[in-house]
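Engineer: based on what follows, work out the 3D shape:
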Amino acid sequence: LCVLGALRAGSGALPPEKPFNISCWSKNMKDLTCRWTPGAHGETFLHTNYSLKYKLRWYGQDNTCEEYHTVGPHSCRIPKDLALFTPYEIWVEASNRLGSARSDVLTLDILDVVTTDPPPDVHVSRVGD
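Structural biologist: Here you go, the predicted model:
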């Protein structure tokens with residue numbers, strides 16, 4: 001009934017569309033940061049909540065990321081307790097008063113997305129021509 005009322009009222013309100021383009025990276029294997037793009041049309045004219053969910057692929061329970069907006073509006077950081085040598089499944093759920101949508105699942109191993117600090121005190125010099 002609420003959905004029909006919102007649509008009849010001509011408010012332009014829409015349920016969220018499926019989030020996409022999830023990308024993640026880990027700094028020195030100590031954390032995991034992910035960002036995503038909201039649904040194709042973006043604006044639903046209603047407040048939309050985004051939750052980044054993750055679990056270990058074969059035996060983990062669903063977890064929800066808690067440190068949002070760490071590198072922009074659609075991002076979240078998992079600060080600790082990461083497993084190595086076991087793939088993670090990661091997805092984003094979007095919800096508002098008119099419905100919900102779930103992204104495709106991204107499967108990744110932390111070791112495949114790690115970025116390390118550059119070596120300290122590096123000097124570059126030209127040799128020859």
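Engineer: pLDDT weak spots in the chain?
Structural biologist: The chain contains residues with pLDDT under 70 at 1-11, 40-44.
Engineer: mind doing that once more with 80?
Structural biologist: Where the chain drops to pLDDT under 80, the residues are 1-12, 40-45, 117.
Engineer: all the strands of the chain, in order from the start?
Structural biologist: In the chain, the segments counted as strands under DSSP state E are 20-27, 32-37, 49-56, 63-64, 67-68, 75-78, 88-96, 99-102, 106-108, 114-115.
Engineer: let me have those strands in CSV, extended by distance to Val122 and mean neighbour count.
Structural biologist: Yep, even glycine has a C-beta here, placed from its N, CA and C like the rest. CSV is the format used below for those (distance: least, Cβ to Cβ, whole Å; neighbours: other Cβ atoms under 10 Å):
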stretch, distance to Val122, mean neighbour count
strand 20-27, 19, 16
strand 32-37, 25, 21
strand 49-56, 35, 18
strand 63-64, 38, 13
strand 67-68, 31, 14
strand 75-78, 28, 22
strand 88-96, 32, 21
strand 99-102, 44, 15
strand 106-108, 29, 16
strand 114-115, 16, 13
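Engineer: distance to Gly128 for those - can I get that in TSV?
Structural biologist: Shown next, in TSV, are the strands of the chain (distance: least, Cβ to Cβ, whole Å):
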stretch	distance to Gly128
strand 20-27	37
strand 32-37	41
strand 49-56	50
strand 63-64	54
strand 67-68	49
strand 75-78	45
strand 88-96	47
strand 99-102	57
strand 106-108	42
strand 114-115	32
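Engineer: end to end, how far does stretch 71-82 reach?
Structural biologist: This stretch, stretch 71-82, spans 19 Å end to end (Cα to Cα, to the nearest Å).
Engineer: show residues contacting it.
Structural biologist: Applying Cβ atoms under 8 Å, 6 or more residues apart in numbering, the external contacts of stretch 71-82 come out as 19, 26, 29-38, 50, 52, 54, 63, 65-70, 110.
Engineer: again, but for stretch 96-112
Structural biologist: With Cβ under 8 Å, 6+ apart as the contact definition, stretch 96-112 has outside contacts at 2-3, 6, 13-20, 22, 24, 26, 29, 32, 36, 39, 44, 46-49, 57, 82-95.
Engineer: right, I'll call it a day here.
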